[in-house]
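1. Sequence and predicted structure below; questions after.
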Amino acid sequence: MGHLTIKDIARLSGTSVSTVSRVLNNHVDVSEAARRKVLEVIGSNHYVPNNSARNLVIRKSNVIAVIIRGRGNPFFARLIKIIEPELNEHGYEMSVHHIDTSDDELKAAALLEREKRLKGIIFLGGRFNYHADDIAAIKVPFVCCSYTNVFGALEEGSYSSVAIDDKKAARQAVEYLLQKGHKRIAALIEHTGGGSISQLRYEGYVGALQDAGLALDASLVGCAGSFEMDDAYAAASRLIAEAKPTALFAISDLMGVAAMKAATDAGLRVPDDLSIIAIDGIEFSNYCVPTLTTLAQPTEALAIKSVEILAGLIEKKGLNGHVLLPTSLRQGGSVRQL
C-alpha cells in the first residue's frame, strides 16, 4: 500500500480516526485492545506520521476549539462530523463548545484559549460585525466557518473565513421561484436588519424582486424574531392567512420545514397551493413530504477548507484568507410551475 493516512489506519484497524490520533499522540484514554490494533497496522505498513502530526506530538497542546453559536442546529452538527476527522488527519484534536445565540463567541474564545492553551479556533456561526478591538484578546489563528465579517471593520489579513455568499444564494432561490411563474412571493426571515445572516438573505430576496420589476410588498415579509421552528411556524401561519402568497422563500431549511407544516395546518397543499424554497440543504429537509427544494450549502467543502486554512496558519505555511463557495440547487417536491 502507498502512503497511509490516519483514515487508512482507522479503516484497517477497525477503529475510529480519533482513536488513531490518540494512539499517535500517546494519550492514556485508549483501551489496550484498540491501541494494539492500531500499532499492529502502523508496524505492518511502516507508517510514518506526516511532519505536522509529528511536530504536534511534542507540543504541549494540539487542541483546536470549535465554538458553535446556538444549540441543536443540524447544519452545524453535519459540519462537526466532517471537521473532526480532518483535524485528526492534521494531527490535532477537536474540543467542541456550545454557546447560546445571546453569548459573545469572541469572549468565549478568549477564555477557552487561556484555559486550554489552544492552537487555533474554528467558529461555527457568529456575528457579522467584528472590529479590531473585538478580536484583540484572541492570540491564536481562527477561521469563521459559514459566515463572514461583511458588516464589520477588520483588516482582511487579520482573520480568515469560509462561507457562501448569503445574499447571492437568497437571490438565486427567489429567482428560481420567479422562473416558475410566481410573483406573489413571501419571505420568512428572522428580521430585516441587525447586521446578520437574516439581513443578507433578506437583501437577496429584495434584490431578486427588484431585478424582476416587482415592488417590495411589506405584507409579504414575515419576521419570526429567531430561527426557532416554533417562531417560524407562527410567522408563516400569519403570512399564509393574511398575505396569501403563491410561493414562500425561507432563509433556512428549518424555517422552510416549519412553513410547510403551517401550510398543511392551514389546509393548503405544498406545492399545489403554496411553493416553498429555502437555503441550507440539511439532511432532515430531504425527508419531508414533499422533500424541500433548497439551495444546499457545500458542507464538506466548508469544513475541509476551514481546517486547511487553520492548519496552514498554525504551521506557518499559509496566510489568512477568505473563501466564498457556491451553493447548489437541490430540487425537491416543494415548488411547482404556475
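-> Structure received. Numbering: from 1, shown residues only.
2. Please make it C-alpha for all contacts and neighbour counts, starting now.
-> OK.
3. Doesn't residue 134 lie inside a helix?
-> Yes - under DSSP: H, G, I helix; E, B strand; the rest coil, residue 134 sits within a helix.
4. Touching, it and residue 108? I think so.
-> No - counting by CA atoms under 8 Å, residue 134 does not reach residue 108; the two are 11.7 Å apart.
5. Give the next helix or strand downstream of the helix or strand of the chain with the lowest mean pLDDT.
-> The helix or strand of the chain with the poorest confidence is helix 51-57; it has a mean of 45 (mean pLDDT, DSSP states H and E). Moving toward the C-terminus from helix 51-57, the next helix or strand (DSSP states H and E) is strand 63-69.
6. Quick one: mean pLDDT over that following strand.
-> Averaged across strand 63-69, pLDDT comes to 95.
7. Show residues contacting that strand.
-> For strand 63-69, the surrounding residues in contact (CA atoms under 8 Å, 6 or more residues apart in numbering) are 76, 87, 92-101, 103, 105, 109, 112, 116-126.
8. Dump the C-alpha coordinates for stretch 283-294 into PDB.
-> Taking Å, rounded to 0.1, in the frame of the first residue of the first chain, the C-alpha atoms of stretch 283-294 are listed here in PDB:
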ATOM      1  CA  GLU A 283     -30.300  16.200   5.700                       C
ATOM      2  CA  PHE A 284     -33.500  16.500   7.700                       C
ATOM      3  CA  SER A 285     -35.200  18.500   4.900                       C
ATOM      4  CA  ASN A 286     -34.700  15.600   2.500                       C
ATOM      5  CA  TYR A 287     -37.100  13.500   4.500                       C
ATOM      6  CA  CYS A 288     -40.100  15.900   4.400                       C
ATOM      7  CA  VAL A 289     -43.200  15.100   2.400                       C
ATOM      8  CA  PRO A 290     -42.700  16.600  -0.100                       C
ATOM      9  CA  THR A 291     -39.000  17.000   0.100                       C
ATOM     10  CA  LEU A 292     -37.900  20.600   0.500                       C
ATOM     11  CA  THR A 293     -36.400  22.400  -2.500                       C
ATOM     12  CA  THR A 294     -33.400  24.200  -1.200                       C
END
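9. List the ones among the contacts of strand 63-69 that fall in strands.
-> Among the contacts of strand 63-69, the members falling in strands (DSSP state E) are 93-99, 120-124.
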